[in-house]
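Visitor: Sequence plus predicted model, see below.
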Amino acid sequence: MAEQKIQIMGAGAIGCLFGAMVQLAGYDVVFVGRGEQLKALQNTGLQITGLINTKLEVVATDKPVDADITIVSVKSYDTENAAQLLSRVDCGITFTIQNGIGNLEILSMYLDTVVGGVTTYGANLVKPGTVNFAGEGITYAGNDGFVSREAEAVVKVLVDSGMNCQAVDNISSRIWSKAIVNAAINPLTAICRVRNGSVVEINELWEIAEAIIEEGENLMKKMGIRISQNLRDLVREVAIKTAKNKSSMLQDIERGRRTEVDFINGKIAELAEKHGVDARVNRLIANLVKGVEKSHGFI
Ligand code: PAF
């Protein structure tokens, strides 16, 4: 197994967590990153804190290399650029664990073997080179209608690395469920500057969250994407389980960075307009987050 090379395209918090777990299991791992994070990985290595405590020497670079499996963990607004860079090397099986809607489709435009994915593992960047492993979750890998050999190869690597991972044949349904969780929790926490728990604790916020979920469900139905669980219950459960956490969107806003709202509420609103579904609350929420990003010069 150690002969396989695993590439992490996007050495942020979640990418580094996956890369560290896989490297600890004996796989050959290369991290592709940029900026301060890349410098820290190259100069001082990768420190993981939280659920595990370990320091690793890592191979880190700013350009993709040939690999057997490439795990894509860049922010959704960088997917197209990442896909173009990856198309210039032999990046093997590409497996996306990104947030948001549309990443699988963008990657598939440039690359041959793309496996969809979704993860509930929690990680956040403490400082460049240091990642907090905040919560154990589960990762699903697969496509729609079939379980490919490639998805099974990805699952094997992650399971060998001690991670919970399952191959599935309904990845769109799972990607959409996670996107709706993100659509209901992330922008409300980012706009109001509150932790996840507030979305269920403050009635006025829960009222908005319910409208976001309902619009998302209507769109899923119209697009023929199976709703495999009660999404209201799911959002409530995630908000309660992660009550003390700051959502990734709130963290982006606090750090003065662009958010992924265009690929979450923005994408729901865009697709809803195309399919003739009412998604005015998602549009309004996406516009408010864009207002924060633009007025503070984040984009
Ligand atoms: O993006 C996030 O922050 C997370 O996906 C979630 C589940 C909303 C919890 O913080």
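Guide: Received the coordinates, thanks.

Visitor: How is the protein divided into domains?
Guide: As assigned by automatic domain parsing, the chain contains the domains 5-169, 172-295.

Visitor: start to end distance for the longest one?
Guide: The first residue of domain 5-169 is 25 Å away from its last residue (CA to CA, to the nearest Å).

Visitor: Residues contacting the helix or strand hosting residue 285, please?
Guide: According to DSSP states H and E, residue 285 maps onto helix 280-295. Contacts to helix 280-295, defined as CB atoms under 8 Å, 6 or more residues apart in numbering, come from residues 183, 187-188, 190-191, 208, 211-212, 215-216, 249, 253, 258-259, 261-262, 264-266, 268-269, 272, 298-299. Heads up, the C-betas are built off the backbone N, CA and C, glycines and all.

Visitor: And that helix, what's buried?
Guide: Residues 281-283, 285-286, 288-290, 292-293 are the ones in helix 280-295 that count as buried (16 or more other CB atoms under 10 Å).

Visitor: how distant is that helix from the center of its chain?
Guide: Taking CA atoms, centre = their mean, to the nearest Å, one finds helix 280-295 lying 20 Å from the centre of the chain it belongs to.

Visitor: pLDDT averaged over that helix, what's the number?
Guide: Averaging pLDDT along helix 280-295 gives 97.

Visitor: try stretch 56-66
Guide: So the average pLDDT for stretch 56-66 ends up being 98.

Visitor: Which residue does the stretch 1-150 of the chain have closest to the ligand?
Guide: Closest to the ligand within the stretch 1-150 of the chain is residue 99: 5.8 Å, counting by CB to the nearest ligand atom.

Visitor: Could you verify my assumption that that residue touches residue 247?
Guide: No - counting by CB atoms under 8 Å, residue 99 stays clear of residue 247, with 10.3 Å between them.

Visitor: what residues do these two have in common as contacts?
Guide: Common contact partners of residue 99 and residue 247 (CB under 8 Å, 6+ apart): residue 182.

Visitor: quick one on the thing from earlier: from the contacts of helix 280-295, which would you call buried?
Guide: For the contacts of helix 280-295, a burial check counting by 16+ other CB under 10 Å picks out 183, 187-188, 190-191, 208, 211-212, 215-216, 249, 253, 258-259, 261-262, 264-266, 268-269, 272.

Visitor: Restricted to helices, list those.
Guide: Secondary structure from DSSP state H places 183, 187-188, 190-191, 208, 211-212, 215-216, 249, 253, 265-266, 268-269, 272 of the buried ones among the contacts of helix 280-295 in helices.

Visitor: Quick check: residues of the protein near the ligand?
Guide: 99, 181-182, 185-186, 196, 238, 242, 245, 247-248 (CB under 6 Å from any ligand atom).

Visitor: I'd like these as TSV, with neighbour count and secondary structure appended.
Guide: Shown next, in TSV, are these (neighbours: other CB atoms under 10 Å; DSSP: H, G, I helix; E, B strand; the rest coil):
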residue	neighbour count	secondary structure
99	23	coil
181	24	helix
182	23	helix
185	28	helix
186	27	helix
196	22	coil
238	20	helix
242	20	coil
245	20	coil
247	22	coil
248	23	helix
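
Visitor: Now tabulate these in JSON lines and tack on pLDDT.
Guide: Shown next, in JSON lines, are these (pLDDT from 0 to 100):
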{"residue": "99", "pLDDT": "95"}
{"residue": "181", "pLDDT": "97"}
{"residue": "182", "pLDDT": "97"}
{"residue": "185", "pLDDT": "98"}
{"residue": "186", "pLDDT": "98"}
{"residue": "196", "pLDDT": "96"}
{"residue": "238", "pLDDT": "94"}
{"residue": "242", "pLDDT": "90"}
{"residue": "245", "pLDDT": "89"}
{"residue": "247", "pLDDT": "93"}
{"residue": "248", "pLDDT": "93"}
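
Visitor: where exactly do the helices run in the stretch 101-250 of the chain?
Guide: With helices called from DSSP state H, counting those that start in this stretch, the stretch 101-250 of the chain shows them at 103-110, 149-160, 171-192, 198-201, 203-223, 231-241, 248-254.

Visitor: Can you give me every residue that contacts residue 207?
Guide: Neighbours of residue 207 in contact, by CB under 8 Å, 6+ apart: none.
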